[in-house]
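Undergrad: pasting a predicted model and its sequence here:
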Amino acid sequence: MVMLTELIHQRNCKKNEMVTDVHTGEIACSSCGIVSLEPIVDLGTESAGLNATDYQNNSRVGAKRSLKMIDMGLSTLIEAKDKDVTGKSLSIENRRMFYRLRMWDRNSRSAVTSKSFQKAFTLLDAISSKLGLPESVIEESAYLFRKIAARKILAGRSTAAMLSATIYATCRITDTPRTLQDISDAANIKKKVLQRTYRFLAKEMNLSPEAYTPSEFVSRIAKGLNLSEKTQRLTFKILDLCAKKHVSTSKNPMAMAAAAIHLAATTNDEKVSQLKISKISGISAVTIRERRKEIVTKIGDVTVGQNL
């Protein structure tokens, strides 16, 4: 029927200009006024014109699922109202039944595993906020921590240390440049403790992520120093040559990046002090000087920029 109406309209109407009424969902011709028998579906957002409370009350899907939530966003909440869907009061027998269900639900949430997850995921939110981690890394960290809990290796160990080591492992796996010192500072845990916990975790979970490269930290330091593009490009060239000469092998990647940036800056006559680089990178000025000397020894003097 719809197809027949449209065919007749197309033959008889010269302009055949269809317009849509967003309020009624009808499609009509602006020339002859004929209305299509097939209404359209409103593709607009369901939350239009609603505040946060009204949106939640009218939502048909609930909150989003997330691995960093204790129940992953899949739990059912039993409200304390002793009324049925029509608003009528429940019988005494049903009230007692729902009271027992609420108690069981509350006790199940306070189990040992749930408490461990609650503490860990609260800390995960705090650390990720300080480090500026993307949502994908946060979810991966929560997923890995759940796997660790399933292996039952959390007993007798600090939840904070295990969670911090999990975050560091996830950053390594996802190529998100964050150092042990970064996570140590964000979690308020000693670096040695975090390092020891990470080694234990990597062994138990059979993790072997690739080591960071100095190049991954260049943009982070350069942004803090407001370096020119010319100096950043030279820094990458220096690090590339260092890798070919095996200068950066088994060295702290952040220290190598800091040293290369200082060498590139002085080569381009860009005034950047070692102390400022040290403050941004977290590497001591002494270490930066030592790494710079090593680079110069291997690839040449500061005029290396002319040879790249």
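TA: Yes, it's here.

Undergrad: ok, residue 170 to residue 194 distance?
TA: Note on residue 170: its distance to residue 194, by Cβ to Cβ, to the nearest Å, is 14 Å. For every residue, glycine as well, the C-beta is placed using N, CA and C.

Undergrad: please enumerate the helices of the stretch 201-308 of the chain.
TA: 218-225, 229-244, 253-267, 274-281, 285-299 (DSSP state H, counting those that start in this stretch).

Undergrad: for the fourth one, packing partners?
TA: Contact analysis of helix 274-281 by 3 or more Cβ pairs under 8 Å, 6 or more residues apart in numbering; DSSP states H and E lists helix 218-225, helix 253-267, helix 285-299 as its packing neighbours.

Undergrad: ranking these by burial, who's on top?
TA: Counting by mean count of other Cβ atoms under 10 Å, helix 253-267 has the highest mean neighbour count of these, with a mean of 26.

Undergrad: now do that helix against helix 229-244, angle only.
TA: If you take axes from the mean of the first three to the mean of the last three Cα atoms, to 10 degrees, helix 253-267 sits at 130 degrees to helix 229-244.

Undergrad: now helix 253-267 and helix 285-299, what's the angle there?
TA: For helix 253-267 against helix 285-299, the angle by the same axes, to 10 degrees is 70 degrees.

Undergrad: for the helices and strands packed on helix 274-281, which one sits closest to residue 202?
TA: Ranking those by proximity to residue 202 (Cβ to Cβ) places helix 253-267 first, at 17.6 Å.

Undergrad: that closest one to helix 218-225, inter-axis angle?
TA: 60 degrees.

Undergrad: check which helices and strands helix 253-267 sits against.
TA: helix 218-225, helix 229-244, helix 274-281, helix 285-299.

Undergrad: make CSV from those helices and add distance to residue 257 and mean pLDDT to it.
TA: Output for the helices and strands packed on helix 253-267, formatted as CSV (distance: least, Cβ to Cβ, whole Å; pLDDT from 0 to 100):
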stretch, distance to residue 257, mean pLDDT
helix 218-225, 5, 91
helix 229-244, 7, 90
helix 274-281, 7, 91
helix 285-299, 9, 89
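
Undergrad: just the CA atoms of the longest helix seen in the chain, as PDB, please.
TA: Taking DSSP state H as the assignment, the helix of the chain that covers the most residues is helix 112-131. The C-alpha trace of helix 112-131 is given here as PDB (Å, rounded to 0.1, in the frame of the first residue of the first chain):
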ATOM      1  CA  VAL A 112      36.000 -10.500  51.300                       C
ATOM      2  CA  THR A 113      36.500 -10.400  47.600                       C
ATOM      3  CA  SER A 114      34.100  -7.500  47.200                       C
ATOM      4  CA  LYS A 115      35.900  -5.500  49.900                       C
ATOM      5  CA  SER A 116      39.200  -6.100  48.100                       C
ATOM      6  CA  PHE A 117      37.800  -5.000  44.800                       C
ATOM      7  CA  GLN A 118      36.200  -1.900  46.400                       C
ATOM      8  CA  LYS A 119      39.500  -0.800  47.900                       C
ATOM      9  CA  ALA A 120      41.400  -1.600  44.700                       C
ATOM     10  CA  PHE A 121      39.100   0.100  42.300                       C
ATOM     11  CA  THR A 122      38.700   3.200  44.500                       C
ATOM     12  CA  LEU A 123      42.500   3.400  44.400                       C
ATOM     13  CA  LEU A 124      42.500   2.800  40.600                       C
ATOM     14  CA  ASP A 125      40.300   5.800  40.100                       C
ATOM     15  CA  ALA A 126      42.600   8.000  42.200                       C
ATOM     16  CA  ILE A 127      45.800   6.900  40.500                       C
ATOM     17  CA  SER A 128      44.400   7.000  37.000                       C
ATOM     18  CA  SER A 129      43.200  10.500  37.700                       C
ATOM     19  CA  LYS A 130      46.600  11.700  38.900                       C
ATOM     20  CA  LEU A 131      48.400  10.000  35.900                       C
END
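
Undergrad: which other residues reach it?
TA: Outside of helix 112-131, the residues within contact range by Cβ atoms under 8 Å, 6 or more residues apart in numbering are 68-70, 108, 133, 137-138, 141-142, 145-146, 149, 154, 159-160, 162-164, 167, 178, 182-183, 186-187.

Undergrad: what stretches of the protein score poorly on pLDDT?
TA: 1-12, 14-16, 20-26, 30, 33-79, 84-85, 105-115, 248-251, 301-308 (pLDDT under 70).

Undergrad: domains for it, by residue range?
TA: 1-62, 112-204, 214-306 (automatic domain parsing).

Undergrad: mind listing residues that contact stretch 182-189?
TA: Contacts of stretch 182-189 (Cβ under 8 Å, 6+ apart): 123, 126-127, 130-131, 160-161, 163-164, 167-168, 171, 190-191, 194, 282.
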